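Asker: Provided below are the primary sequence and the corresponding predicted coordinates.
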Amino acid sequence: MQIINGGVTAAEGFMAASTAAGIKYKDRTDMAMIYSEKPCVTAGTFTTNIVKAAPVKWDQKIVKESPYAQAVVVNAGIANACTGEEGYGYCKETAKAAGTLLQIPEDAVFVASTGVIGKQLPIDRICNGVKTMAKELNGDITSGHNAALAIMTTDTKEKEAAVTIELQGKQVTIGGMCKGSGMIHPNMCTMLSFVTTDVCITKELLQEALSEIVADTYNMISVDGDTSTNDTCLVLANGMAENAKITEKNADYETFKEALSYVNETLAKKMAGDGEGATALFEVKVIHAASKEQAKILSKSVITSNLTKAAIFGHDANWGRILCAMGYAGVEFDPEKVDLYFESKAGKIQIIADGVAVDYSEEEATKILSEEAVTAIADIKMGDASATAWGCDLTYDYVKINADYRS
């Protein structure tokens with residue numbers, strides 16, 4: 001696997017465009033379009049929130065019922081959530097407008113929205129944006145990058161990733177972009193993630209791979225404990241790499257799945273590190289667990305602990321908060337056998353051994369915790385399983401951002 005520059009336009013046959021439609025923001029682009037020259041098999045995962053936005057319902061139907069898809073239209077600023085039949089109708093109008101211009105069926109067009117809940121979309125602006133973007137579609141890296149910029153809300157930076165792999169002499173590319181900064185919590189979050197690939201694979205195996213990968217990537221991040229109404233992760237595969245079609249779980253499948261996992265994990269970590277107001281990516285690894293599920297529950301409990309997140313913001317090695325968060329996670333372990341370490345590019349330090357503090361340097365610990373990416377490693381000495389979760393610190397700015405988000 002080779003990491004390359006790019007995002008949703010990295011794979012063969014994919015193009016993107018963006019525009020300033022004036023949906024909410026007055027000084028930036030707020031719509032993006034992705035288009036494939038050829039029809040794509042698709043896979044998708046969506047929010048587990050009972051309250052699902054109209055675009056989620058539209059996209060779920062396409063993934064389940066449409067033989068293929070070929071385009072995605074995304075808007076930022078208004079979520080089109082809790083908008084009833086009118087909101088769902090706007091999904092259909094958006095898809096119809098894109099389908100007419102791109103000469104594809106409306107049920108081959110995904111739609112996605114992010115932003116304020118409860119407001120109706122200005123459908124005239126949406127359709128005008130679609131018209132503009134359909135004429136400007138381009139397969140270059142810049143167009144993909146600009147699309148990633150256009151879908152941001154409270155994000156402070158665009159989020160992209162791309163890799164290439166070789167399958168029996170054919171180069172296969174996987175690229176993606178996502179947005180997400182707040183209302184982020186395990187079991188999907190207020191994130192939109194779009195992954196494109198030129199691999200040739202069956203729809204069934206693509207969905208199976210994505211579903212397994214999401215469990216270890218997007219479902220392992222949290223910013224604030226809120227599971228959104230709009231979570232959507234879509235993968236489109238157009239087969240233009242012309243590799244031998246993947247129809248079974250063979251070596252090609254495993255190679256592709258590993259690369260797809262890398263792209264999605266990279267995007268997930270970028271969202272966690274760009275949490276609203278955050279100054280640091282906070283990674284928690286639970287090792288030597290009795291089962292992967294146990295390790296997942298413990299690691300997620302730590303990254304969702306507000307007290308722990310606040311300590312990370314203060315660069316404070318307050319290890320008691322971590323052990324406490326593990327203790328109320330709901331799974332059994334022996335706290336008197338836990339070893340805990342902090343690690344960053346500034347070094348690694350052991351904080352506790354067998355549940356008791358060691359004689360460590362507070363100054364060194366603070367130095368390690370002052371980096372932009374910080375890892376806590378908890379060794380619970382129960383088996384060979386492990387899991388990693390990602391979050392961020394909790395800062396003053398988180399409250400400031402969310403206190404007046406609608407205005």
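Answerer: Now that the structure is in, tell me what you want to look at. The structure displayed is predicted, hence computed values, not measured ones.
Asker: Over the longest strand along the chain, what's the mean pLDDT, rounded is fine.
Answerer: Among all segments of the chain classified by DSSP state E, the strand with the greatest residue count is strand 31-46. What strand 31-46 shows for mean pLDDT is 97.
Asker: Strand 31-46 and the helix or strand hosting Ser193, what's the angle between them?
Answerer: Using DSSP states H and E, the secondary-structure element containing Ser193 is strand 192-197. Counting by axes from the mean of the first three to the mean of the last three C-alpha atoms, to 10 degrees, strand 192-197 lies at 90 degrees to strand 31-46.
Asker: Show me what strand 192-197 is packed against.
Answerer: When contacts are defined as 3 or more C-beta pairs under 8 Å, 6 or more residues apart in numbering; DSSP states H and E, strand 192-197 packs onto strand 31-46, strand 69-78, strand 109-116, strand 170-179, strand 232-237, helix 251-273. (Glycine included, C-beta is placed from N, CA and C.)
Asker: Of all these, which one is nearest Tyr90?
Answerer: strand 109-116 (8.5 Å; C-beta to C-beta).
Asker: if we can go back for a sec, as JSON lines, the helices and strands packed on strand 192-197 with distance to Ala244 would be great.
Answerer: Shown next, in JSON lines, are the helices and strands packed on strand 192-197 (distance: least, C-beta to C-beta, whole Å):
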{"stretch": "strand 31-46", "distance to Ala244": "15"}
{"stretch": "strand 69-78", "distance to Ala244": "23"}
{"stretch": "strand 109-116", "distance to Ala244": "28"}
{"stretch": "strand 170-179", "distance to Ala244": "8"}
{"stretch": "strand 232-237", "distance to Ala244": "14"}
{"stretch": "helix 251-273", "distance to Ala244": "7"}
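Asker: Switch those over to CSV, and while doing so, append distance to Leu101 and mean neighbour count to every line.
Answerer: Below are the helices and strands packed on strand 192-197 laid out as CSV (distance: least, C-beta to C-beta, whole Å; neighbours: other C-beta atoms under 10 Å):
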stretch, distance to Leu101, mean neighbour count
strand 31-46, 10, 23
strand 69-78, 9, 25
strand 109-116, 10, 27
strand 170-179, 22, 25
strand 232-237, 18, 28
helix 251-273, 28, 21
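Asker: Please point out which parts of stretch 276-294 sit buried.
Answerer: 276-290, 292, 294 (16 or more other C-beta atoms under 10 Å).
Asker: Now find how far off-centre it is within its chain.
Answerer: 16 Å (C-alpha atoms, centre = their mean, to the nearest Å).
Asker: now that stretch: mean pLDDT?
Answerer: Mean pLDDT, stretch 276-294: 92.
Asker: Could you do stretch 168-186 as well?
Answerer: Here the average pLDDT along stretch 168-186 is 85.
Asker: what does stretch 361-376 give?
Answerer: 97.
Asker: Who are the contact partners of the one residue sitting closest to the centre of the chain?
Answerer: Nearest to the mean C-alpha position of the chain, counting by C-alpha atoms, centre = their mean, stands Ala268 at 4.1 Å. By C-beta atoms under 8 Å, 6 or more residues apart in numbering, the contact list for Ala268 reads 178, 217-218, 220-221, 390.
Asker: Once you drop chain neighbours, what's closest to it?
Answerer: Nearest residue to Ala268 in three dimensions, chain neighbours excluded: Thr217, at 4.3 Å (C-beta to C-beta, 6 or more residues apart in numbering).
Asker: and that neighbour, what is it in contact with?
Answerer: 261, 264-265, 267-268.
Asker: returning to what we had before: okay, the angle between the longest strand of the chain and helix 251-273?
Answerer: 110 degrees.
Asker: Tally up the residues packed near Tyr332, please.
Answerer: If you look again at residue 332, you'll see it is Glu, not Tyr. Number of residues near Glu332 (other C-beta atoms under 10 Å) recorded here: 8.
Asker: can you pull the pLDDT of it?
Answerer: Value listed for Glu332 in the pLDDT field: 97.
Asker: Likewise for the one 5 residues further on?
Answerer: Note for Lys337: predicted pLDDT of 98.
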